[in-house]
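>>> how would this look folded up:
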Amino acid sequence: MTHEREHQDVRRAWFNEILTTALNDLAHAEQVITCFASQEPDGFIAWGMAEGEATQAHQALRQAPSLQTSVPADYTATNVTADALFDLARKISQSLVRAAELAGDPDDKLACLQAALHAGRLSEALR
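Got it, this is the predicted structure:
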């Protein structure tokens with residue numbers, strides 16, 4: 001019985017780590033995209049879809065009951081490119097699908113899958 005409990009503890013810790021990392025990465029992507037949008041004359045037109053998907057992914061993930069929320073770090077947009085944001089969005093989407101597979105709570109699973117959907121749309125908007 002102890003081995004099974006240890007396995008569940010490791011699984012829960014991994015799940016929480018994925019969620020926390022994805023939440024922070026989405027907050028970072030949101031801030032960077034907003035910064036890019038504000039620096040260009042038509043920035044909100046060019047970056048609007050990406051910004052909306054990043055925001056929706058972030059909000060969807062915040063609905064996960066198991067998420068141990070903390071205030072995401074304040075990031076700046078220095079040395080960040082659209083390609084880096086694309087790679088980050090793809091990584092987030094993959095991580096959230098993995099988290100959904102690990103989730104025991106149906107509401108956690110739903111939050112992860114909704115956030116993964118928006119993160120996938122974010123990566124498409126950044127192509």
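>>> distance of residue 94 from residue 63?
Taking Cβ to Cβ, to the nearest Å as the criterion, residue 94 is separated from residue 63 by 20 Å. Placement of C-beta: from N, CA and C, glycine included.
>>> what residues does the host helix or strand of residue 120 touch?
Assigning secondary structure by DSSP states H and E places residue 120 in helix 106-125. Contacts to helix 106-125, defined as Cβ atoms under 8 Å, 6 or more residues apart in numbering, come from residues 15, 19, 22, 26, 29, 49-50, 53-54, 56-58, 60-67, 86, 89-90, 92-93, 96-97, 99-100, 103.
>>> Centre of the chain to that helix, how far?
Centre-to-centre, helix 106-125 and its host chain are 8 Å apart (Cα atoms, centre = their mean, to the nearest Å).
>>> Let me see the mean pLDDT of that helix.
Mean pLDDT, taken over the full extent of helix 106-125, equals 95.
>>> Can you tell me which of the contacts of helix 106-125 are buried?
Among the contacts of helix 106-125, those classed as buried by neighbour count (16 or more other Cβ atoms under 10 Å) are 15, 19, 22, 26, 29, 50, 53-54, 56-58, 60-61, 64, 66-67, 86, 89-90, 92-93, 96-97, 99-100, 103.
>>> So what's the predicted local confidence for residue 88?
93.
>>> Now do the contacts for it.
Neighbour list for residue 88: 25, 28-29 [criterion: Cβ under 8 Å, 6+ apart].
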